[in-house]
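J.: predicted model follows, preceded by the sequence.
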Amino acid sequence: MTSPVDSPLVRAARRQDVPHTPVWFMRQAGRSLPEYRAIRQDVGMLESCRTPELVTEITLQPVRRHGVDAAILFSDIVVPLMAVGLDLDIVAGVGPVVAEPVRARSDLDRLPELAPEAVPDIAESVRLLVAELGATPLIGFAGAPFTLASYLVEGGPSKNHERTKALMHGDPQLWDDLCARLAQISLAFLRVQADHGASAVQLFDSWAGHLSRADYLRHVEPHSRAVLAGMAQSHPEVPRIHFGVGTGELLAPMADAGADVIGVDYRVSLADAVERTGGRYAVQGNLDPALLFAPWQPLERRVREIVEEGRAAPGHIFNLGHGVLPTTDPDVLTRVVELVHEVSVR
Ligand SMILES: Cc1c2[nH]c(c1CCC(=O)O)Cc1[nH]c(c(CCC(=O)O)c1C)Cc1[nH]c(c(CCC(=O)O)c1C)Cc1[nH]c(c(C)c1CCC(=O)O)C2
């Protein structure tokens, strides 16, 4: 393996044969690592995301420690919103909080398009990382329009997304205009990462599972499709992963929106995910992050099962069904990486 283009992760995403199943973890950089907590002790979350030396160090920590098959840029889905000038913060233990929620047409004025020049730090972080990573691919990412819109409209994390859905149905034109602007911002953010050497990208529509299939197709899919199609057009060589939580009913439309890889959470088996997406896409997933707290024996059994199920997919990237929980024992993650590699050798 000499270049990220030939890495197991990129090959699996393209449904090519691999020497072993690639593995990485959503939120692999973060509070589960003592070396991360040490760095973040006196630096705010958003400040750390915009300081290339810190981004580089934090992104590399899990690669060094666990031997995962990919790095994911240390950033956050709200970083591009901050870059266009929106007043927001990430509150520890809570998540993104927006000072003035976006609910009226006049609020769109506070959400200009994202120019690449507004995120020189992201370009620099990606450049530094790609130089350090060698043959290990860097995954770039962005939030999908619906998940971003939910934070903007609600003003913060939400259980029921009621104001978001009220806007979607109460003023569909404003909703579409808001999501079209967010799609431009996400696409521009992904392009900066791909332009500077990211080898794959993941579009996070974390909260799409809260939508009915009809609402997803009518009000959300066209905007996510615009992001994925824009990447396919400008960077056809960079595979696209599309992920959401609780999206068992949405796997086919999310894959068909323009992905190469469909993210699967732990609620749906990989075999069902392959069937629901017509066997046309690589799959990523899907160990329940809570199982990392179980004794090794049942955890090992489940990891082996997932690797086996993945063999029936056109391509498989091992991951969790959602992010690493902050109190996870990092040594367990390292053991899971070793096990996936060991049992999946072709
Ligand atoms: C919904 C969402 C957000 N941010 C993100 C999503 C989509 C992924 C998902 O569904 O989990 C994306 C994200 N955020 C972060 C990453 C880093 C890359 C990685 O996966 O390692 C990624 C890919 C760092 C982060 N983003 C955040 C942290 C924790 C901040 C800290 O360390 O204090 C990290 C490491 C903060 C954040 N940012 C957000 C939340 C819900 C939180 C957690 C709040 C908390 O529990 O404190 C919004």
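T.: Ah, there it is. Numbering: from 1, shown residues only.
J.: for the chain, what's the longest helix?
T.: Counting by DSSP state H, the longest helix found in the chain is helix 172-195.
J.: against which helices or strands is that one packed?
T.: Judged by 3 or more Cβ pairs under 8 Å, 6 or more residues apart in numbering; DSSP states H and E, helix 172-195 is in contact with helix 79-83, helix 120-133, strand 138-143, helix 145-154, helix 162-170, strand 200-204, helix 221-234. Glycine gets a C-beta too; all of them are placed from N, C-alpha and C.
J.: and the angle from it to strand 138-143?
T.: 170 degrees (axes from the mean of the first three to the mean of the last three Cα atoms, to 10 degrees).
J.: run the angle between helix 172-195 and helix 120-133 for me.
T.: 40 degrees.
J.: tell me how far helix 172-195 is from the chain's mean position?
T.: Counting by Cα atoms, centre = their mean, to the nearest Å, helix 172-195 is centred 16 Å from the centre of its parent chain.
J.: is the ligand contacted by it?
T.: No. Helix 172-195 is not in contact with the ligand by Cβ under 6 Å from any ligand atom; minimum separation 11.8 Å.
J.: avg pLDDT for that helix?
T.: Average pLDDT, helix 172-195: 98.
J.: with just CA atoms, put that helix into CSV.
T.: Taking C-alpha atoms only, helix 172-195 is exported to CSV below (Å, rounded to 0.1, in the frame of the first residue of the first chain):
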residue,chain,number,x,y,z
PRO,A,172,-41.9,25.1,2.5
GLN,A,173,-40.4,27.8,0.3
LEU,A,174,-38.4,29.3,3.1
TRP,A,175,-37.4,25.8,4.2
ASP,A,176,-36.1,25.0,0.7
ASP,A,177,-34.3,28.4,0.5
LEU,A,178,-32.7,27.7,3.9
CYS,A,179,-31.6,24.2,2.9
ALA,A,180,-30.4,25.3,-0.5
ARG,A,181,-28.1,27.8,1.3
LEU,A,182,-26.9,25.1,3.8
ALA,A,183,-26.2,22.7,0.8
GLN,A,184,-24.0,25.4,-0.7
ILE,A,185,-22.1,25.8,2.6
SER,A,186,-21.7,22.0,3.1
LEU,A,187,-20.6,21.5,-0.5
ALA,A,188,-18.0,24.3,-0.3
PHE,A,189,-16.7,22.9,3.0
LEU,A,190,-16.3,19.4,1.5
ARG,A,191,-14.6,20.8,-1.6
VAL,A,192,-12.0,22.6,0.5
GLN,A,193,-11.2,19.4,2.2
ALA,A,194,-11.1,17.4,-1.0
ASP,A,195,-9.1,20.1,-2.8
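J.: buried residues in it?
T.: Judged by neighbour count (16 or more other Cβ atoms under 10 Å), helix 172-195 contains these buried residues: 174-176, 178-179, 181-195.
J.: one more: stretch 248-259?
T.: 250, 251, 252, 253, 254, 255, 256, 257, 258, 259.
J.: narrow those to those in helices?
T.: 251, 252, 253, 254, 255, 256.
J.: on the three-state scheme, residue 90 is what?
T.: State at residue 90, reduced to three classes by DSSP: H, G, I helix; E, B strand; the rest coil: strand.
J.: contacting residues for the nearest residue to it once chain neighbours are set aside?
T.: Closest residue in space to residue 90, ignoring its immediate chain neighbours: residue 45 at 4.2 Å, by Cβ to Cβ, 6 or more residues apart in numbering. For residue 45, the contacting residues are 76, 90, 92, by Cβ atoms under 8 Å, 6 or more residues apart in numbering.
J.: ok, those vs residue 121, which is closest?
T.: For these, the closest approach to residue 121 (Cβ to Cβ) belongs to residue 76, at 13.1 Å.
J.: picking up where we left off before, pick the one among the ones in helices among the buried residues of stretch 248-259 closest to residue 122.
T.: Among these, and counting by Cβ to Cβ, the member closest to residue 122 is residue 254, at 25.3 Å.
J.: run through the bridge partners of the residue nearest to that closest one when sequence neighbours are not counted.
T.: In this structure, residue 254 finds its nearest non-sequential neighbour in residue 242, 5.1 Å apart by Cβ to Cβ, 6+ apart. Beta bridges link residue 242 to residue 203, residue 262, judged by DSSP bridges.
J.: I'd like the contacts of residue 45 written out as TSV, with pLDDT added.
T.: As requested, the contacts of residue 45 are exported to TSV (pLDDT from 0 to 100):
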residue	pLDDT
76	98
90	96
92	90
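J.: so which of these reach the ligand?
T.: Checking the contacts of residue 45 against the ligand (Cβ under 6 Å from any ligand atom), the matches are 76, 90, 92.
J.: just the buried ones from these?
T.: Using 16+ other Cβ under 10 Å as the burial test, those include 76, 90 as buried.
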